[in-house]
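Trainee: quick one, what's the 3D model for this:
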Amino acid sequence: MVSYADTLPEGVFNARFFFYSRFTQAQYTNSGGITGLPPGFYETQMLALEAMYFGLGSNTELAILPSLIGTDSSIGGSSINGWGLNDFSIGIKHRWIIQDPNSARPSFATFLFLTLPTTSWLGTPVPKGGLPPISVLPATHFGSPSITTTFLLRKNIRPLRFYGGLYYTYGFPGMESLTAADSPIFAQFGDLVQYKMAVEDVVNEKHGLGFILEMVGLSELPFSADGLPVNTTPRSFNLIAVQPTFEVNITPKLALSVGVLLPAWGNNEYLATTPNFSLWYYFGSGTLQR
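Mentor: This next block holds a predicted model:
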């Protein structure tokens, strides 16, 4: 899920549908080795996200990110199965700098997200304190109200387009339990840092035919911005994955992207492969421009 540093024109609306399927296959050790899953543990997750973007001004954009999440898992002999509403995020993006085609100056934007714990409010069947696929933006623990600050870059150097993003998430502490049978505890997660770098090559601009190679990382830090000690296990982790993506315009206003997020390295977390696709519709005048 490449996040762009550019914004929509004022009054223009875009919608992009994403679908992710995450298949957990193994787990990373503290040193980065790979071992099998614990006895009796399995987890498959599906997430359907409808990202809606509204141009509020020439350089300001509103994003509304409702999603559904489905989980089929077993943890410590307790099963979690079903679908429900995922945590709800809303954000404001502002573009501060527009790239200059005649120099090295890139586009630069900031994004501020607020995530509400709708999985807790509605009882959505998800692992408490777990995480969605690492390419989903923003990355937050299930059931944890959060604030995410984002910095985005984009630079076109024909025929390539380069993207970068850094996302820092603070999750408010609260009462958590791993399963319904566990007693709730006061949980303080470490802050999350998510980062993305991507290069895109549109080989046929008429048909929007292109390829993207993206690197995605997610780390949980062993501390929190509020100064409270982290008391969840593990206290920190790291994940890095790589995604090749194919994209094409189906119509002048509708684009399709298909990719697979492949695990590259990690520690203290589960190893998973995440096939995904997206459909992007442009409601403005003219044709879709990525």
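Trainee: could you point out which element follows the lowest-mean-pLDDT helix or strand in the chain?
Mentor: Least confident element among the helices and strands of the chain, by mean pLDDT, DSSP states H and E: strand 174-176 (a mean of 72). Following strand 174-176 in sequence order, the next helix or strand is strand 185-187 (DSSP states H and E).
Trainee: so where does the residue lying farthest from the centre of the chain fall, helix or strand?
Mentor: Here the chain has its C-alpha centre computed as a mean, and the residue farthest from that point, by C-alpha atoms, centre = their mean, is Asn102 with 32.2 Å. For Asn102, there is no host helix or strand (DSSP H and E).
Trainee: measure it to Asn156 for me?
Mentor: According to C-beta to C-beta, to the nearest Å, Asn102 stands 12 Å off from Asn156. All C-beta atoms are positioned from the backbone trio N, CA, C, and that covers glycine.
Trainee: ok, Gly130 next?
Mentor: In this view, Gly130 and Asn156 are 37 Å apart by C-beta to C-beta.
Trainee: who's more crowded, the two?
Mentor: Higher neighbour count among Gly130 and Asn156: Gly130, with 18 against 14, using other C-beta atoms under 10 Å.
Trainee: which stretches of the stretch 101-250 of the chain form strands?
Mentor: 107-116, 146-157, 160-171, 174-176, 185-187, 192-204, 209-220, 237-251 (DSSP state E, counting those that start in this stretch).
Trainee: any idea how far the residue most central in space within the chain is from Leu192?
Mentor: Nearest to the geometric centre of the chain sits Val136, at 1.7 Å (C-alpha atoms, centre = their mean). Distance, Val136 to Leu192, using C-beta to C-beta: 12 Å.
Trainee: burial of Gly190, as a residue count?
Mentor: By other C-beta under 10 Å, 24 other residues sit near Gly190.
Trainee: got the phi/psi numbers for it?
Mentor: The phi/psi pair for Gly190 (degrees, to the nearest 10) reads phi -70, psi 160.
Trainee: wait, isn't it in contact with Pro234?
Mentor: No. The criterion here is C-beta atoms under 8 Å, and Gly190 misses it with Pro234 at 9.2 Å.
Trainee: list the residues that contact both of these two?
Mentor: Shared contacts of Gly190 and Pro234, defined by C-beta atoms under 8 Å, 6 or more residues apart in numbering, comprise Glu220.
Trainee: against Leu131, how distant is Leu192?
Mentor: 8 Å.
Trainee: so for the two, which residues contact both of them?
Mentor: Listed as contacting both Leu192 and Leu131 by C-beta under 8 Å, 6+ apart are Ala139, Thr140, His141, Leu218.
Trainee: wait, Lys128 sits on Gly143?
Mentor: Yes. The pair Lys128 / Gly143 is scored as a contact, 5.8 Å apart, by C-beta under 8 Å.
Trainee: mind listing residues that contact stretch 233-247?
Mentor: Contacts to stretch 233-247, defined as C-beta under 8 Å, 6+ apart, come from residues 28, 30, 134-135, 190, 208-222, 230, 255-269, 274, 290.
Trainee: hmm, I typed the wrong one, I wanted stretch 192-203.
Mentor: 2-3, 134-135, 137-141, 159-169, 171, 208-221, 290.
Trainee: swap in stretch 272-285?
Mentor: For stretch 272-285, contacts defined as C-beta under 8 Å, 6+ apart pick out 1, 8-9, 12-25, 133-135, 241, 253-263, 288-290.
Trainee: repeat that for 7 Å
Mentor: 9, 12-25, 133, 135, 253-263, 288 (C-beta atoms under 7 Å, 6 or more residues apart in numbering).
Trainee: what residues of it count as buried?
Mentor: Within stretch 272-285, the residues that qualify as buried are Ala272, Thr274, Asn276, Phe277, Ser278, Trp280, Tyr282, counting by 16 or more other C-beta atoms under 10 Å.
Trainee: quick one: work out the angle between the helix or strand harbouring the first one and strand 209-220.
Mentor: Ala272 is located in strand 270-282, with elements delineated by DSSP H and E. Strand 270-282 and strand 209-220 meet at an angle of 130 degrees, taking axes from the mean of the first three to the mean of the last three C-alpha atoms, to 10 degrees as the criterion.
Trainee: strand 270-282 pairs with which strands, and in what direction?
Mentor: Here strand 270-282 is paired, per DSSP bridges, with strand 13-28 (antiparallel), strand 254-267 (antiparallel).
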